[in-house]
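Participant: predicted model, plus sequence, below.
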Amino acid sequence: MKMKEIIELSTDELLTKRRDLRQESLHLRLQQQSGQLEQPSRLRLLRRDVARIETVLSKRATETKK
């Protein structure tokens, strides 16, 4: 997911997306532990997408405080 796409989403959509990505990440980590993970690079992409979403959410939170 690109940063431009993330910025265009509403806060509620971002929170939902973050929850879904974290849940998918959990499932992939469980697959990795059992040796069934087919795309190890997917974990890295999920982690980066979650970080991008967290960045946008924290930026919005600080903007509303001002």
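Facilitator: Perfect, thanks for sending it.

Participant: count of neighbours near the residue nearest to residue 31 when sequence neighbours are not counted?
Facilitator: Once flanking residues are discounted, residue 31 sits nearest to residue 37: 4.4 Å by CB to CB, 6 or more residues apart in numbering. Every C-beta, even on glycine, is put in place using the N, C-alpha and C of the backbone. Counted by other CB atoms under 10 Å, the residues lying close to residue 37 total 16.

Participant: on the three-state scheme, residue 38 is what?
Facilitator: Secondary structure, DSSP: H, G, I helix; E, B strand; the rest coil: residue 38 is coil.

Participant: quick one: contacts for the spatially closest residue to residue 1 that is not a sequence neighbour?
Facilitator: The shortest distance from residue 1 to any residue other than its chain neighbours is 5.0 Å, reached at residue 49 (CB to CB, 6+ apart). Going by CB atoms under 8 Å, 6 or more residues apart in numbering, residue 49 touches 1, 6, 21.

Participant: how about those in TSV, adding neighbour count, pLDDT and distance to residue 62?
Facilitator: TSV is the format used below for those (neighbours: other CB atoms under 10 Å; pLDDT from 0 to 100; distance: CB to CB, whole Å):
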residue	neighbour count	pLDDT	distance to residue 62
1	15	83	22
6	17	95	16
21	19	97	22
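
Participant: just the ones in helices from those residues, please.
Facilitator: Residues of the contacts of residue 49 located in helices (DSSP state H): 6, 21.

Participant: out of the contacts of residue 49, who's nearest residue 66?
Facilitator: Of all the contacts of residue 49, the one with the least separation from residue 66 (CB to CB) is residue 6, at 21.3 Å.
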